[in-house]
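J.: Build me a model:
(4 chains)
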Amino acid sequence: MHFGLTEEQKLLQETVRSFVAGECPPQVVRAVFDAGGAHDPALWKGLSELGVAGMVVPEVYGGAGLELLDLALVAEELGAGAVPAPFLGHAMACVALSLGASESQRERWLPALASGELVGTVGWSEPGGVIDPEAFTVEFREGALFGAKSLVPNASAAGLLVVAGPDGRLFVVERGAPGLRTEAVSNIDRTRPLEKVILEGVPAEELEQPVGDRVRDAGLVLLAADAFGCGHRLVRMSAEYAKARQQFGRPIAEFQAVKHQLANMAVEIDPSRALWWFAAHAFDHMPEEREKAAALAKAHITDRAARVARDAVEAHGGLGFTWECDVQIYFKRAAFDRVVLGTPDQHRDRIADLGGY
Amino acid sequence: MHFGLTEEQKLLQETVRSFVAGECPPQVVRAVFDAGGAHDPALWKGLSELGVAGMVVPEVYGGAGLELLDLALVAEELGAGAVPAPFLGHAMACVALSLGASESQRERWLPALASGELVGTVGWSEPGGVIDPEAFTVEFREGALFGAKSLVPNASAAGLLVVAGPDGRLFVVERGAPGLRTEAVSNIDRTRPLEKVILEGVPAEELEQPVGDRVRDAGLVLLAADAFGCGHRLVRMSAEYAKARQQFGRPIAEFQAVKHQLANMAVEIDPSRALWWFAAHAFDHMPEEREKAAALAKAHITDRAARVARDAVEAHGGLGFTWECDVQIYFKRAAFDRVVLGTPDQHRDRIADLGGY
Amino acid sequence: MDLRLGAHYDELRERVREFARANWPLRGAEAELPRREQEILFRRRAIEAGLLARTVPRAYGGAEVPTDPIAEAVIRQELDAAGAPHRASPQGTHMLVPTLLEEGSEAQKRHYIPPTLVGEIYWCQGYSEPGAGSDLASLQSRAVAHGDHFVITGQKIWTSNAFEADMMFGLFRTEADEPRSGGLSYLLVDMKSPGIDVRPLRQMNGGEEFCEVFFDEVRVPIENLVGRRGEGWKVSKATLKHERMLIGDASYARIHFQNLLDLARRVRHGGRPAIEDPGIRRRLAELEGWIACQVHASQRILSAVARNEDLEVLPDMLMAKLNSTNVFQRMTRMALDLLGEEALTEPSPDETGMAVGTPTPGRWVSQAMVAIGTAIAGGTSNIQRNIIGERVLGLPRDPRPPGSAGGART
Amino acid sequence: MDLRLGAHYDELRERVREFARANWPLRGAEAELPRREQEILFRRRAIEAGLLARTVPRAYGGAEVPTDPIAEAVIRQELDAAGAPHRASPQGTHMLVPTLLEEGSEAQKRHYIPPTLVGEIYWCQGYSEPGAGSDLASLQSRAVAHGDHFVITGQKIWTSNAFEADMMFGLFRTEADEPRSGGLSYLLVDMKSPGIDVRPLRQMNGGEEFCEVFFDEVRVPIENLVGRRGEGWKVSKATLKHERMLIGDASYARIHFQNLLDLARRVRHGGRPAIEDPGIRRRLAELEGWIACQVHASQRILSAVARNEDLEVLPDMLMAKLNSTNVFQRMTRMALDLLGEEALTEPSPDETGMAVGTPTPGRWVSQAMVAIGTAIAGGTSNIQRNIIGERVLGLPRDPRPPGSAGGART
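T.: Now for the predicted structure:
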């Protein structure tokens, strides 16, 4: 038994971490954020060269053939750095095609996705916060899609869009297809734009396997890992601030009340690391646990991170309330993780059903 | 406008407070508690001589003709002293007869209730936690009652029992009536025994007016006031303990974390005083506000007091976890206040309905 | 208890309504004046009618009637309802004016109070500095005496509305050799003085209510010193007291709760209106318990103050800010839960103010951030906990580290 | 990650099952022995089979096999499932034995460890005193050297199961002139010594798991000193470390949660099973998130310890106790809400233990109190927060008040 990471995975963490530190330090995030969150192709290219884009794509199509845990470890680092990249949607699209596509579909799309030249994304939720596929109203008639998807990550940057329908069915739409329209969605997290996608008879191709549930579960785990990265980093930022900030003649970290608030923040988020590791592992190896573990990780960890983010603002005093302080960027990223693909309460309703309550 | 107490009410508080300090100090409470919570007639006699028993009974029947706020101020002091007395049930019975009885019924029972010679109580809830009168199964057929009431306060000590039926109907049963049976109920609050009353064709007399709702609302306010008294006292006990207890060479009250925990406890309970004052005042003067205000006071304040009681145990360290420490007596009294006549969640369901949510 | 206002106040209410109807909006040629001048006119008339600046002596432009907080609450309610511009610069009327009345020279009172009351002078407050949040005693901005002037160099932060302010009152270090709170002076600074640079401070919700103010050798006439040199700390205390009471105001809690109910009716959970979900209903009812406490506790405080029984409610006043901060945070968290995917809406500039406006998703998102901000502003919640521990529960003060002076907390 | 145990452990599991079937309960004449002797026999055989006392050298009565926490978890699970009495005195096997192995003399090891492992000697722990809860450095009980004996006078409190213990290990002040933690020694005390008086300490839930132990000139031979005189503080540290890990154990969280689900199925809210209420379901699912964290975090810790990667999970180990205390309190609060009127049930004596038994209302009520107790026991939650702040987040230690020595916290 081994509940932990392999040496390769630790190396992966290290590699992504130093890439982020070097290529996407806070001032780069800040520049993208203040500019309103445009896609940064150079950064994505760098990440793709590390192998991030093709991580779960089978090796035969140019990917690394790794597992969701590896992807989630990347998500943690991107969360910890608040990295602006079309990672979430792309990763979900890769899962969809790797698990659900026919041989010819794989050959057509996976190599470009694996290299990162083609950016993918997934449209899951429908307007009004609908996340249950049985309630989806998207329709596939005579080779064309009708309907709308809300909160689609980085839709404008994507060249390939996977649309989720009822019964786990998935459909691929390519950029520029007739009848395809995107609308910007107001989104406080400027590191990851969200768009509404409107499908008015858009030519689409159905994937061979209806693996919608797995695509969603992968997304839930990646959001949990990203939120963990945000929360974990926020606790450390707050601790550093408390050590540096002087009040009444000494660092505020010496005030016991401050110290205990910071300790409570750590206990809020840190013990949840093993939960998303487990959920990611279950995704590939424990089919019976997969769905519930992913929902638990998403509901629990994104709630914890949002809580830690509130506390981090307060822990930074007046500075924490300013736009110029990076805490707000993480605060908003944690809000994205909490809401996209369904709120904690929505997933708790599912957990109760899945747990046979 | 005057949101506050009259001089008479302040005097009443002072009088009851010094009676409790003199006649029912902690060692007396402790003795009753350790003996398993028997009724203490001498104490009740003393309270009755202060006018507590007949407080809301009209003067013409030997009472003081005061209002629910006066009764609630007494309840606060009894809660603050964890006084073992059949006050709650008696007070509710007095409200029932004062508001609902016919002239002849009043003449028959009120003078003895007002003097405290006759102890009254009320059976409201039914087994299984049923508090909604429309769901009551007690039946009144041919002058006799059939059914059961659970959690009846001090039923054995009572000479008169008011039984609540559907539609606000109220029935009076006297001690020793045939078919009347009581069973002790396991109850952690040994200052106020609870019993189950079983009615197997017990002769009873219906009150003229169906004022069941008002009797319940009076009880809710009195429980809220008692819980406030418990919680407020617990915060002060914890503060005194923190000032006296030395650790690492200084009083623990000097540790900022302890100080802030105590401040949080105070902010938990103290601001709710105005809520039960308002609810008590509304009972007599603001019919439109009465029902909801009583439910809000009960749900909110008994929850707060239970929370403060948990924190008070922790604030007392190892000592707080012992039987010998008086904190546990208040902890259990606060639990009684929270559960009797319905839990906070049950009342929140009512508040939502009453508030037109 | 008697919660009826009584005939006296009912009459007052009627009189205020009538006044508002007659005097706002302005009519005829007056309606063509610039907005600010219209407001000044209205306030001047309201003071003449005894409705504003009630406790300020006539000599300084006030109405000079006996203090009556309940009357003032009635007046506020009715003028709010009429949309009348009765609030001038709150920093001016609620902070500077009481301070000048207590500590100002006769000349200062006559010069500054009348135009402040009607809103001819807008004020901002210069207390906080980057290195000193809760710890005002460690302020660094220096005012060096130089003939008949002080010359200020330094920086202030968290200055509300400094852009539109005509004047600033603030604390500056005049005695370099006295450590901590000893060497501060309370000065009035003309914001149009050369050497002042005001920069907006953008908040996390996108709003820009606060500014940084930079001073580069700014000259302030020596007659703008309030109280004695080096005693600015003492002069400022009345002001801080007033600020706490302002923030602890409960007036918007009910409105927020109604907005929350409306939101729960509008949004859908699991295909049905969220308001029908038993869990949501219970959470709303729990919130209403918190709000009812806040509302009634502030009624009680108002009533006690009106009867000169302030001492009886002092503990409650000391707890009001922390309690209202907690309740506000509970409400906005619930709002975010109800909003679902709309909880990501980025607030537009007109949704970021503190005021209660149409409860759009963007405004709720902004309020959720502002609710955290209120735990920081005007003394952090931790400072509030110290005050409650010490002044309500009688706990000892924190032991001071060696070398620090006393008086660091207010 | 690989969560399969693998063939090696599957075989071990089978072997343990077989061992338990063959060895418990005892048969024939052995089944007539007193219960305690039967248990001693069973444990002796389990040690011989390499299933208990695994890491203790054979010279001291152990099995002397390489450390393998996963194997130990498998063994524990299977022996628990078989109802076999594999746990001797936990204070003895988990606290005293590791301490003696590190700090004891050869004679002490040979004399005390073998009978402790099989349960011939039951131990209790003498650390806490009425004036010293978290602050062990302020212990007052004195042990005065007198020829070849120490003479102890004083009092210990919170001594678990002192009634049935044969021996106590504890800290006593031997050097009167050295302040604070400097003058303590670690002594082994025979509980049958004249002058010892054990009195039960009743808990708020009615249970009596803890005692007060009074010492009136109790003589302890000088060879019962472990380590050096005056260095008891250092000797005790290994033990305290072990205690923290015991309390942080996650093994019962899942069982509690299942019990909570059963409770929600049984009780009715508003006329329907509580489990059907959306608000209750959501609260249960939220709890399950907390529990899943605790369960998987402890899996991870176990796995890391088994691979000698303790350092990687040190922060997690330091947080485990506070986290599990928080989760336990959340669970019992939910149970009280579900119980409704049964939340007033007074626990009977057999419902007050720490062990998980049939989840009756009385046991839930008791657990709700025990959950508060766990925030107090073994270092209060506040001490845990200090440790997390300092050792996980690298925050500075509290500034010490003048005159206090260092080393006050563990």
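J.: for residue A:156, what are its contacts?
T.: Taking CB atoms under 8 Å, 6 or more residues apart in numbering or on different chains as the contact definition, residue A:156 lies against A:39, A:182, A:193, A:195. (Glycine included, C-beta is placed from N, CA and C.)
J.: other SSEs contacting the helix or strand where the second one lies?
T.: Okay, so that is residue A:182. Assigning secondary structure by DSSP states H and E places residue A:182 in strand A:180-184. If you count contacts as 3 or more CB pairs under 8 Å, 6 or more residues apart in numbering or on different chains; DSSP states H and E, strand A:180-184 packs onto strand A:194-203.
J.: For the strand it packs on, the averaged confidence score.
T.: Mean per-residue pLDDT for strand A:194-203: 98.
J.: does any bit of that strand sit next to chain C?
T.: Yes - with CB under 8 Å from any CB of the partner chain as the criterion, chain C is reached by strand A:194-203 at residue A:194.
J.: Present the contacts of residue A:156 as TSV; the columns should include distance to residue C:353 and neighbour count.
T.: Output for the contacts of residue A:156, formatted as TSV (distance: CB to CB, whole Å; neighbours: other CB atoms under 10 Å in any protein chain shown):
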residue	distance to residue C:353	neighbour count
A:39	32	17
A:182	31	16
A:193	26	21
A:195	29	23
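J.: roughly how far is stretch C:78-94 from the heart of the chain?
T.: On the basis of CA atoms, centre = their mean, to the nearest Å, stretch C:78-94 sits 12 Å off its chain's mean C-alpha point.
J.: picking that back up, and which of the contacts of residue A:156 is nearest to chain D?
T.: For those, the minimum distance to chain D (CB to the nearest CB) is 29.0 Å, reached by residue A:193.
J.: residues touching the closest residue to that closest one other than its chain neighbours, list them.
T.: Distances taken as CB to CB, 6 or more residues apart in numbering or on different chains place residue A:37 nearest to residue A:193, at 5.0 Å, with adjacent residues excluded. Contact partners of residue A:37, counting by CB under 8 Å, 6+ apart, are A:84, A:187, A:189, A:190, A:191, A:192, A:193.
J.: Also residue A:119?
T.: Taking CB under 8 Å, 6+ apart, one finds A:44, A:86, A:89, A:90, A:154, A:157, A:158, A:159, A:160 in contact with residue A:119.
J.: Show me which residues of the stretch 101-250 of chain A sit near chain C.
T.: By the rule CB under 8 Å from any CB, the part of the stretch 101-250 of chain A lying against chain C is A:125, A:128-129, A:135, A:150-151, A:185-190, A:194, A:246-250.
J.: Pull the distance from the helix or strand of chain A with the lowest mean pLDDT to the chain's centre.
T.: Using mean pLDDT, DSSP states H and E, the weakest-scoring helix or strand in chain A turns out to be strand A:246-247, at a mean of 84. With CA atoms, centre = their mean as the basis, strand A:246-247 stands 37 Å off its chain's centre.
J.: Run the contact check for the helix or strand following that strand versus chain B.
T.: With elements assigned by DSSP H and E, the helix or strand that comes after strand A:246-247 is strand A:250-251. No - residues of strand A:250-251 are not located near chain B by CB under 8 Å from any CB, the shortest gap being 12.2 Å.
J.: Any residue of strand A:250-251 touching chain D?
T.: Yes - for strand A:250-251 and chain D, the contact criterion (CB under 8 Å from any CB) is met by A:250, A:251.
J.: quick one on the thing from earlier: quick one: which of the contacts of residue A:119 is nearest chain D?
T.: residue A:90 (23.7 Å).
J.: can you pull the contacts of the closest one?
T.: A:53, A:113, A:116, A:119, A:120, A:121, A:154, A:158.
J.: With residue A:99 instead?
T.: With CB under 8 Å, 6+ apart, residue A:99 has these contacts: A:209, A:211, A:214, A:215.
J.: Would you mind measuring from the nearest residue to residue A:233 once chain neighbours are set aside to residue A:231?
T.: Using CB to CB, 6+ apart and skipping the chain neighbours, the partner closest in space to residue A:233 is residue A:80 (4.4 Å). Distance of residue A:80 to residue A:231, computed by CB to CB, to the nearest Å: 9 Å.
J.: so what strands line up beside the least confident helix or strand of chain A?
T.: Sheet pairing of strand A:246-247 (DSSP bridges) gives strand A:250-251 (antiparallel).
J.: Now stretch C:359-369 - C-alpha only, PDB.
T.: Coordinates of the C-alpha atoms in stretch C:359-369 are reproduced here as PDB (Å, rounded to 0.1, in the frame of the first residue of the first chain):
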ATOM      1  CA  PRO C 359     -29.800  44.100  -4.800                       C
ATOM      2  CA  THR C 360     -28.300  42.900  -8.100                       C
ATOM      3  CA  PRO C 361     -25.900  39.900  -8.100                       C
ATOM      4  CA  GLY C 362     -22.900  42.300  -8.600                       C
ATOM      5  CA  ARG C 363     -24.000  44.300  -5.600                       C
ATOM      6  CA  TRP C 364     -24.300  41.100  -3.400                       C
ATOM      7  CA  VAL C 365     -20.800  40.000  -4.500                       C
ATOM      8  CA  SER C 366     -19.500  43.500  -3.700                       C
ATOM      9  CA  GLN C 367     -21.300  43.400  -0.300                       C
ATOM     10  CA  ALA C 368     -19.700  40.000   0.500                       C
ATOM     11  CA  MET C 369     -16.300  41.700   0.100                       C
END
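J.: Contacts for that stretch next, please.
T.: Against stretch C:359-369 from outside (CB under 8 Å, 6+ apart): A:186, A:188, A:313, A:321, A:331, C:203-207, C:256, C:259, C:262-263, C:328, C:332-333, C:335-336, C:339, C:342-348, C:351-352, C:357.
J.: Buried ones among these?
T.: The neighbour count (16 or more other CB atoms under 10 Å in any protein chain shown) marks A:188, A:313, A:321, A:331, C:203-207, C:256, C:259, C:263, C:328, C:332-333, C:335-336, C:339, C:342-347, C:351-352 as buried among the contacts of stretch C:359-369.
J.: The residue of the stretch 101-250 of chain C found nearest chain B: what's it in contact with?
T.: Across the stretch 101-250 of chain C, no residue is closer to chain B than residue C:250, which sits at 10.1 Å (CB to the nearest CB). Residues counted as contacts of residue C:250 (CB under 8 Å, 6+ apart) are C:294, C:295, C:297, C:298, C:320, C:324.
J.: my read: the fourth one touches residue C:321, true?
T.: If I follow you right, that is residue C:298. No - with contact defined as CB atoms under 8 Å, residue C:298 does not reach residue C:321; the gap is 11.4 Å.
J.: Name the nearest residue to residue 20, ignoring sequence neighbours.
T.: This is for chain A. In space, residue A:20 is closest to residue A:81, 3.9 Å off (CB to CB, 6+ apart).
J.: Not quite, go with chain C.
T.: Residue C:20 sits nearest to residue C:82 (CB to CB, 6+ apart), 3.7 Å away.
J.: Count the neighbours of the nearest residue to residue C:312 once chain neighbours are set aside for me.
T.: Once flanking residues are discounted, residue C:312 sits nearest to residue C:304: 5.4 Å by CB to CB, 6+ apart. Per other CB atoms under 10 Å in any protein chain shown, the neighbour tally for residue C:304 reads 21.
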